[in-house]
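In: The sequence and its predicted three-dimensional model are supplied below.
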Amino acid sequence: MRDKKKSRRGTDRIQRPKKGLSFFVMVVVLILVVLMGCAGFITNWMWFDSLGYNKVFWTKLVTQLEIGIPVFLVAMLLVRIYLKSLKKHYFIEVESHEIPNERKLNIISWVLSVAFGLFVGIGAGASTWMNFKQFIHSTSFGLKDPLFHLDVSFYVFRLPFLTQANNLVLGIVIGIIIITLLYYGILMTVRTPDFFEQEPDFGDSATEGAGTGASGGTEIPFIRKKNGKSGHRRMDVNHSNLENLLHIASGKMTLLGIIFYVMLAMEFMLRQFDLLHAHTGVVYGAGFTDVNIKLWVYRLIMALSIVGAITLCHHMHKKEFKKLVRVPAVIIVLGLLGTGVGFAVQNLVVSPDEINKESKYLKNNITYTRHAYGLDSVKVEEFPAEHNLNKRAINENSQTIGNIRINDYEPVQDFYNQTQSIRQYYDFNDVDIDRYTIDGEQTQTYLSAREINEDKISSTWINRHLKYTHGYGAAVSRVDAVTASGQPDIIVKNIPPESEVKDIKITRPEIYFGEKTDDYIIVNTNEQEFDYPNGNENSYTTYKGTAGIRMSFLNRVLFAIREGSMKMLVSSNINSNSRIIINRNIKDRVEKIMPYLSYEKDPYMTVANGKLYWIIDAYTTSSYYPYSEPYSGEVGSTNYIRNSIKVVVDAYNGDVSYYVVDQKDPIAKTFQKIYPSLFKDGSEMPEAIRKHIRYPNSLLKIQAGVYTKYHMDEVKVFYQDEDLWDIAHQIYGTEEKEMDPSYFIFELPDSKKAEFINMIPFTPKSKQNMTAIMMARNDGSKYGQLLVYKFPKNKTVYGPMQIEAQIDQNTEISKEFSLWNSSGSKYRRGDLFVIPINNSIMYVEPVYLEASNQAIPEMKRVIVAYGDDIAYEATLEDALADLFGEDNQQSSGQGTSSSGKGKSSQKDLIRKANEAYENAVNAQKGGNWKKYGEYLDQLEKYLNQLENQN
């Protein structure tokens with residue numbers, strides 16, 4: 001016995017450590033599970049906090065809890081009380097011989113109530129929180145709709161939330177119906193009703209042997225007749241129980257029916273406001289049929305729904321069940337009748353007299369659409385388009401001429417990638433246009449950031465996350481200057497950046513945040529970062545900025561879970577001073593902070609005080625603006641848009657600043673109320689950055705697209721589509737395409753100095769002559785002003801495609817294009833620029849040549865068109881001189897040009913002779929002796945002409 005006791009004690013000692021170890025393992029596993037589940041949330045909070053936007057992060061969660069918790073409690077308690085009432089009436093009214101387990105039934109009731117409350121609360125908080133915030137922080141538009149006379153803010157801020165709330169109530173009612181059926185099933189399972197009565201059939205001579213069962217009900221264990229033979233039981237339906245069940249069901253049906261009718265009334269009350277977003281016939285918004293038929297049908301259905309709720313109570317109380325179908329039947333008939341009458345009125349009354357019937361509604365459509373797209377304040381002026389340009393006028397507009405863009409985006413980007421990438425892992429993602437002060441004058445420039453292409457570096461973990469952490473510098477060139485070989489003349493180049501311009505000195509060239517920085521990095525590690533290539537060696541650096549989250553042990557665990565990388569935990573290169581930088585892609589970065597704005601797809605970089613910054617245009621949009629026609633573009637489908645917010649991202653530190661530059665935009669004001677710590681006033685933007693903000697081309701393109709129709713403010717003209725416009729087309733490359741807005745620097749007639757503007761031309765619908773141009777101003781206090789120059793309708797002003805046709809018909813130009821193509825090279829036509837100078841219009845188009853053995857396009861020719869004359873020369877200066885002559889006399893339209901009306905200049909002949917010689921040499925190297933002979937013949941012709949001139 002003693003041995004057995006000792007054995008048990010020994011076993012206990014062995015088991016206790018095992019139990020302790022199991023408990024420890026369980027705790028560790030539990031902690032890991034919690035960390036894995038919360039890693040994303042915690043690291044996101046850390047990231048927001050590192051940016052100084054802690055309040056922005058918690059705004060969403062706190063609002064969701066403010067909505068979700070009350071909804072959860074109300075829904076849970078209502079369902080719990082409702083289920084308790086169901087159970088109480090069921091137990092009182094329904095007879096059963098079974099005794100249920102009350103404790104178990106209460107647990108089931110609470111579980112159903114809590115589950116339903118959680119489902120509704122989480123759904124309500126997650127789906128309605130932003131609309132709720134906009135509802136309570138709505139800002140007046142100062143403009144009322146013409147039908148209900150409600151401020152536009154009701155439709156933009158309040159109607160979306162009311163619609164969501166109505167849908168939420170509908171979901172709750174459907175959920176309660178499902179729970180009712182489920183709970184009745186549970187009740188009938190734990191306490192089955194006695195649906196049948198058992199009565200003994202023993203005639204007059206029966207003897208009874210009845211006893212009392214355990215449940216208190218009467219039982220008949222046996223029945224015998226007097227003759228000693230067994231009797232039988234007759235099973236009758238328990239009508240009382242059935243009636244009681246139906247009574248309980250009718251009470252709940254009455255309640256649900258009343259809620260249904262109230263919801264139906266609410267649905268049609270909200271649906272009447274949607275008429276202002278309808279599209280019936282020619283009107284966007286409520287038209288004649290909507291106002292006089294549909295609206296009254298909706299209102300009658302609303303009234304009938306209230307009547308239905310009242311009559312439902314009455315008929316259920318009186319048990320007049322057949323009369324319950326009256327109101328629903330009337331509503332259905334009214335709905336069908338309304339649809340039929342609406343169709344008949346639209347086709348038989350409105351369509352034959354549409355212009356008169358829809359006149360006032362079309363006026364609403366025009367007025368509200370123009371306001372929704374910011375077109376109500378467009379300044380319209382007549383432009384005479386005279387033909388009186390001369391050399392003197394050209395000289396007086398030197399800043400306009402000096403900023404004509406003879407380089408184009410794609411060739412410049414190709415050139416940068418070929419000559420300025422320095423190493424194979426650097427890329428210039430795109431080229432952006434901006435303006436800087438060069439030699440005391442505002443000058444247009446191209447700028448492109450030199451970023452690391454993460455796909456072109458060795459894919460080891462150290463290289464991607466510790467070593468190659470940043471791009472370096474930018475390339476900058478003037479839009480109007482090329483080298484002798486026809487390539488961009490770069491004014492900021494190389495690594496480290498070398499600048500020829502004082503205003504574009506880059507002292508902090510590292511780019512840790514950009515368009516191609518898609519992966520996380522860890523800085524301040526034991527592994528030095530690659531900085532830039534320095535000859536045959538590399539320069540290294542350590543990050544000195546403020547971005548990133550400190551890598552404590554717990555943070556290493558959290559981010560290892562987030563990124564799915566164990567190397568972050570075990571790497572010896574990471575120390576206590578190391579920081580992880582995430583969300584480095586600038587577009588992802590700003591969208592993660594504020595996902596409720598629409599963003600420009602193409603951010604642009606600028607240089608300010610020696611540092612590199614990204615500027616991203618952000619738009620406030622809505623689809624609920626009354627009487628406004630929707631437009632689908634780069635920012636999605638919308639019927640209201642403003643570029644009220646500029647987002648600035650520091651390329652080195654990653655700091656993100658949101659500046660509200662349009663204080664008149666109610667949506668921007670509402671967002672400021674919701675996120676007071678996020679949005680700054682536009683006046684707080686540093687001046688060095690502010691002078692580089694641009695009116696976005698995407699917005700101007702949307703406004704121009706809407707304006708092609710909505711420039712017509714006379715209802716009859718609008719209805720007849722008498723003056724529809726198109727955005728002009730051009731030949732780009734070798735294909736026809738719609739023109740995009742282009743940036744220019746030139747002096748407007750009402751301005752005393754040249755301005756940075758963007759512009760887009762219009763042509764009449766299905767015509768090619770030019771009818772107007774739209775401009776957006778970009779500088780100073782005039783930023784955002786829209787100006788439209790309309791050309792006289794009594795004279796023909798050539799449109800871009802007509803100029804393109806003249807170029808194609810020019811024998812010298814077409815001959816050289818054919819020659820280039822046949823020699824194995826290919827030509828590319830750049831953007832055609834429409835340039836107002838004084839009261840006249842001039843056109844400029846650069847031409848690029850790309851040899852088959854090199855990918856770098858060269859600007860070889862500039863075409864200048866004015867009236868019926870075309871100049872085709874190697875430089876813009878030569879083309880202007882060829883077109884307008886050397887004196888200051890007014891051009892008669894018959895001046896010297898490349899159309900063959902005048903002789904070629906000596907300079908031009910020398911250029912052509914040199915080109916013929918170069919082509920002959922290239923043909924000889926390629927073994928093409930036929931072409932070699934043709935080029936020698938050309939060389940001889942040009943040399944003979946030079947000799948004759950001398």
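Out: Right, received. Where do you want to start? Numbers count the residues shown, from 1 in each chain.

In: what about the strands in the stretch 401-550 of the chain?
Out: 426-428, 432-438, 441-452, 471-472, 474-482, 488-493, 498-499, 510-511, 521-523, 529-534, 537-541, 549-550 (DSSP state E, counting those that start in this stretch).

In: what does the average pLDDT come to for the fourth one?
Out: Translated: strand 471-472. Strand 471-472 comes out with an average pLDDT of 95.

In: Now tell me what touches it from outside.
Out: Residues from elsewhere that reach strand 471-472 (Cβ atoms under 8 Å, 6 or more residues apart in numbering): 426, 449-452, 495-496, 509-511, 514, 516-517, 531-532. All C-beta atoms are positioned from the backbone trio N, CA, C, and that covers glycine.

In: Residue 846: what secondary structure?
Out: Applying DSSP: H, G, I helix; E, B strand; the rest coil to residue 846 yields a three-state assignment of strand.

In: residues contacting it?
Out: By Cβ under 8 Å, 6+ apart, the neighbours of residue 846 are 405, 406, 407, 408, 829, 830, 831, 859, 861, 862, 863.

In: How much space separates it from residue 697?
Out: 19 Å (Cβ to Cβ, to the nearest Å).

In: how near is residue 438 to residue 159?
Out: Taking Cβ to Cβ, one finds residue 438 at 51 Å from residue 159.

In: quick one: which of these two has more around it?
Out: residue 159 (21 against 18; other Cβ atoms under 10 Å).

In: How is the more buried one assigned, secondary-structure-wise?
Out: helix.

In: pLDDT below threshold where in this protein?
Out: Counting by pLDDT under 70, the ranges of the chain that qualify are 1-20, 35, 93-96, 193-251, 823, 852-855, 886-908, 926, 929-930, 947-950.

In: before we move on, the earlier item: list just the nearest of the contacts of strand 471-472 to residue 565.
Out: residue 517 (17.6 Å; Cβ to Cβ).

In: which residues touch that closest one?
Out: 451, 452, 454, 470, 471, 511, 584, 585, 586.

In: will you turn those residues into TSV that also has neighbour count and distance to residue 55?
Out: TSV is the format used below for the contacts of residue 517 (neighbours: other Cβ atoms under 10 Å; distance: Cβ to Cβ, whole Å):
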residue	neighbour count	distance to residue 55
451	22	32
452	22	34
454	16	33
470	25	30
471	28	32
511	25	29
584	21	23
585	16	24
586	25	22
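
In: number of nearby residues for residue 428?
Out: Residue 428, neighbours per other Cβ under 10 Å, totals 24.

In: let me redo that: residue 255
Out: Count around residue 255 with other Cβ under 10 Å applied: 16.

In: again, but for residue 161
Out: Neighbours around residue 161, by other Cβ under 10 Å: 19.

In: Verify the stated contact: it with residue 131.
Out: Yes. Counting by Cβ atoms under 8 Å, residue 161 sits close enough to residue 131 to count as a contact (4.0 Å).

In: Give the buried residues for stretch 503-511.
Out: 504, 506, 508, 509, 510, 511 (16 or more other Cβ atoms under 10 Å).

In: How about stretch 777-789?
Out: 777, 778, 779, 783, 784, 785, 786, 787, 788, 789.

In: before we move on, what about stretch 59-75?
Out: Applying 16+ other Cβ under 10 Å to stretch 59-75 flags 59, 60, 63, 64, 67, 68, 71, 72, 75 as buried.

In: now do stretch 317-335
Out: 324, 327, 328, 331.

In: now stretch 569-588
Out: 571, 574, 578, 579, 580, 581, 582, 583, 584, 585, 586, 587.

In: And the helices in the stretch 701-850 of the chain, which stretches?
Out: For the stretch 701-850 of the chain, the helices defined by DSSP state H, counting those that start in this stretch cover 715-720, 800-809, 811-822.

In: which helices and strands sit right next to the shortest one?
Out: Counting contacts by 3 or more Cβ pairs under 8 Å, 6 or more residues apart in numbering; DSSP states H and E, the secondary-structure elements packed against helix 715-720 are helix 354-357, helix 359-372.

In: Same question for the last one.
Out: Other elements packing on helix 811-822 under the criterion 3+ Cβ pairs under 8 Å, 6+ apart are strand 826-829, strand 869-873.

In: contacting residues around the shortest one?
Out: In other words, strand 826-829. By Cβ under 8 Å, 6+ apart, strand 826-829 touches 411, 731-734, 817, 820-821, 845-850, 852, 857, 860.

In: Is residue 68 located within a helix, as I assumed?
Out: Yes. Under three-state DSSP, residue 68 sits within a helix.

In: Excluding chain neighbours, what is closest to it?
Out: Nearest non-adjacent residue to residue 68, counting by Cβ to Cβ, 6 or more residues apart in numbering: residue 125, 3.1 Å away.

In: Residue 642 and residue 135, how far apart?
Out: 20 Å.

In: make that residue 317, sorry
Out: Taking Cβ to Cβ, one finds residue 317 at 39 Å from residue 135.

In: One more: residue 753?
Out: 47 Å.

In: In this structure residue 109 contacts residue 87, no?
Out: Yes. Between residue 109 and residue 87 there is a contact at 7.1 Å, judged by Cβ under 8 Å.

In: Identify the contacts common to the two.
Out: residue 183.

In: what about residue 713, how many residues close to it?
Out: 12.

In: if I read this right, it contacts residue 366, doesn't it?
Out: Yes. Judged on Cβ under 8 Å, residue 713 makes contact with residue 366 at a distance of 6.0 Å.

In: Let me know the secondary structure of residue 120.
Out: helix.

In: Which residue comes closest to it once chain neighbours are left out?
Out: residue 75 (4.4 Å).

In: same deal with residue 409?
Out: Nearest one to residue 409, counting by Cβ to Cβ, 6+ apart, is residue 431 at 5.0 Å.

In: check contacts around the one you found.
Out: By Cβ under 8 Å, 6+ apart, the neighbours of residue 431 are 409, 412, 413, 416, 446, 447, 448.

In: sorry, back to before: tell me which of the helices and strands packed on helix 811-822 approaches residue 397 most closely.
Out: Going by Cβ to Cβ, the one of those nearest residue 397 is strand 869-873, 16.8 Å.

In: circling back to that earlier point, these two touch, right, the residue nearest to residue 68 and residue 65?
Out: Yes. Here residue 125 reaches residue 65: they are 6.8 Å apart, a contact under Cβ under 8 Å.

In: Could I get the full set of strands for the stretch 151-300 of the chain?
Out: Using DSSP E, counting those that start in this stretch, strands in the stretch 151-300 of the chain cover 196-201, 207-212, 218-224, 232-237, 279-280, 283-284.

In: helices or strands up against the last one?
Out: Using 3+ Cβ pairs under 8 Å, 6+ apart as the contact criterion, the elements in contact with strand 283-284 are helix 359-372.

In: Each with direction, which strands does whatever helix or strand comes next after the helix it packs on pair with?
Out: Counting by DSSP states H and E, the next helix or strand C-terminal to helix 359-372 is strand 379-382. Applying DSSP bridges to the sheet, strand 379-382 is found paired with strand 786-790 (parallel).

In: Need the CA coordinates for the strand it pairs with. PDB is fine.
Out: In PDB, the C-alpha atoms belonging to strand 786-790 read as follows (Å, rounded to 0.1, in the frame of the first residue of the first chain):
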ATOM      1  CA  LEU A 786     -12.900  79.400 -66.600                       C
ATOM      2  CA  LEU A 787     -12.900  81.500 -69.800                       C
ATOM      3  CA  VAL A 788     -14.400  80.600 -73.200                       C
ATOM      4  CA  TYR A 789     -13.500  82.400 -76.400                       C
ATOM      5  CA  LYS A 790     -16.200  82.000 -79.000                       C
END
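
In: What sits closest to residue 680 if chain neighbours are left out?
Out: residue 659 is the one closest to residue 680 (Cβ to Cβ, 6+ apart), at 5.3 Å.

In: just to revisit the earlier point, ranking the helices of the stretch 701-850 of the chain by mean neighbour count, which comes first?
Out: helix 800-809 (a mean of 18; mean count of other Cβ atoms under 10 Å).

In: Now do it and helix 811-822, the angle between them.
Out: 80 degrees (axes from the mean of the first three to the mean of the last three Cα atoms, to 10 degrees).
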